[in-house]
Every structure is written in structure tokens, then in C-alpha cells.
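> output the structure for:
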Amino acid sequence: MKKIALMAGAMLVLGAAAASAAGINLSWNDCGAAGTQDATFACNTNAGAPFSMVGSFVAPAGGLPEFLGISAQIDIKTSDAALPEWWKHGTGFCRGTTGLAVNFDFTSGPFTCTDFYVGSAAGGFAYDNGFGTADRARFRIQAAVPFDNRGPIDDTTEYYAFKANILRAKTTGVGSCAGCSTPACIVFNELQLFQPPEQNNDPVITNPIDRNFVTWQGGSASCPQSTPTTNKSWGQVKSLYR
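The predicted structure follows:
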């Protein structure tokens, strides 16, 4: 009986540790295990719903008393020697500003994880074509709630962080961008959580909970290695939303 009791106690301790382990997830369409790893597209239309990558997280032990916002780093690597035109986003590039968008509104779903923002978050993104090597891109996402909407998050709940939407524009027809069918691996490398400066605690999370990557068209031969960004301060992030 003592041995059984000790084993049960150990299992409870391990279970509690697992429940409170900080981490990040990336999946298509929903958070973590509720979403899918791979997305496929016949690349035959410019219309239709976007392909939505959902980032989520569990806060470090003890949680955060005054959570305000996030800064995420995602790397994209394709199986081609150079980044295909379909994966080149931004002014002056093939897909321009019509192929990629971010969203932080989970009020209409999905509902598997917890929505801290409740529709109040605003944010944006930066996209660096050919970051590090010619076959890669870096996708950085930032978001924040109004200062008065800050609040506590715990270390046992998985929260939504962002939706990164890949749109179908310029996939086919005149002016289309080649490379939609090229396999790619998309890795959620790190997430920084922000609080007011007086908290002096803006933790960076890098380890996966279930999966910190998704694949496109079956994935590429190898995923990109993380090259951490310089951690930002809350003041730097807040300045984006004035």
C-alpha cells in the first residue's frame, strides 16, 4: 500500500509539473493539439478563406500579474534553394501586401484555448525575405491590449497569442507568383510576454508544448534553426500602437 501511495503521489507531482510547464504551440486552424500540422492547397484559385496559423502559449510558473502583450518570432524555410516568389511578402515583392495578415480577435472562435484579449488587442507584423539564407524568411508578430486592459494570466491555462493568415492572392492567373506548391516548414521559435516596466518580468518562451512548427504542402526537408532576436522592452512594443 505504501508503494502504491508513493507512486500515486509521484504521479500527482509529475502531473502538476506538466500542467504548469511554460511553452508555445503552433497549429493550423486552432491551438495546439486541436489544430493540424500540415496544410495543403491545390494552388488553383486566388479566392477563398485564408490558411490560418494559430499561435498559443502557457505562461511560466507563477503566471504573470499584469500581462499586456506579445512579440513572436517565426521562421519559414522552403525546400527550394531560394525563397519562392509566392513566399515573398511586402512592398516591392511579388505578393506585395495582399498575401499575409495577422489577427488577434478570437471572439468568433476557435474556442479551444483561452482568449485573454477578448477583442481588445491590436498589433502588426514585419516580414524579412531571405533572412539569414536565401531560402528563408523571418516573420515577427507583435500585439498588445490597451494598458487598462492588462491583467493576470496563470501558468496552467493555454492562451491564444495570434492568428497568422496566409491569403490566396496572386496564386494563379495574370500577375501570379510562382511557388505556392513548394513545401515549407514554419517554425514558431520564440514568444516574449510583456508586462508594465515596474514588473521587471518580460519572459521569453521557446520550448514547445505539443508542437512549435507547422508544414505547408508536406513540409521541407529540414526546418530552420532558431536565431533569437534581441529581446524587446514593453516601451518598444507599445510605441507601435500609438
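> mind listing what the residue lying closest to Q217 once chain neighbours are set aside touches?
The shortest distance from Q217 to any residue other than its chain neighbours is 4.6 Å, reached at P183 (CB to CB, 6 or more residues apart in numbering). For the C-beta atoms, the positions are set from N, CA and C on the backbone; glycine is no exception. Counting by CB atoms under 8 Å, 6 or more residues apart in numbering, P183 touches T78, S79, T215, W216, Q217, G218, G219, S220.
> now P183: how far from S52?
19 Å (CB to CB, to the nearest Å).
> before we move on, what about L68?
For L68, the distance to S52 - CB to CB - is 24 Å.
> between the two, which one's more packed in?
L68 (23 against 19; other CB atoms under 10 Å).
> what's the helix or strand for the closest residue to A169 other than its chain neighbours?
With CB to CB, 6+ apart as the criterion, A169 has its nearest non-adjacent residue at 4.2 Å, and that residue is T98. For T98, there is no enclosing helix or strand under DSSP states H and E.
> count the neighbours of T98 for me.
12.
> who's in contact with it?
So T98 contacts L167, A169, K170 (CB under 8 Å, 6+ apart).
> contacting residues for the first one?
The contact partners of L167, taken as CB under 8 Å, 6+ apart, are P50, T98, G99, L100, A101.
> surely S120 meets P146?
Yes: counting by CB atoms under 8 Å, S120 does reach P146; the two are 6.1 Å apart.
> who's more crowded, these two?
More crowded of S120 and P146, by other CB under 10 Å: S120, with 14 against 11.
> count of residues packed around the residue lying closest to F139 once chain neighbours are set aside?
Excluding the flanking residues, the one nearest F139 by CB to CB, 6+ apart is I74, at 4.2 Å. Neighbour count for I74, taken as other CB under 10 Å: 26.
> done for today, thanks.
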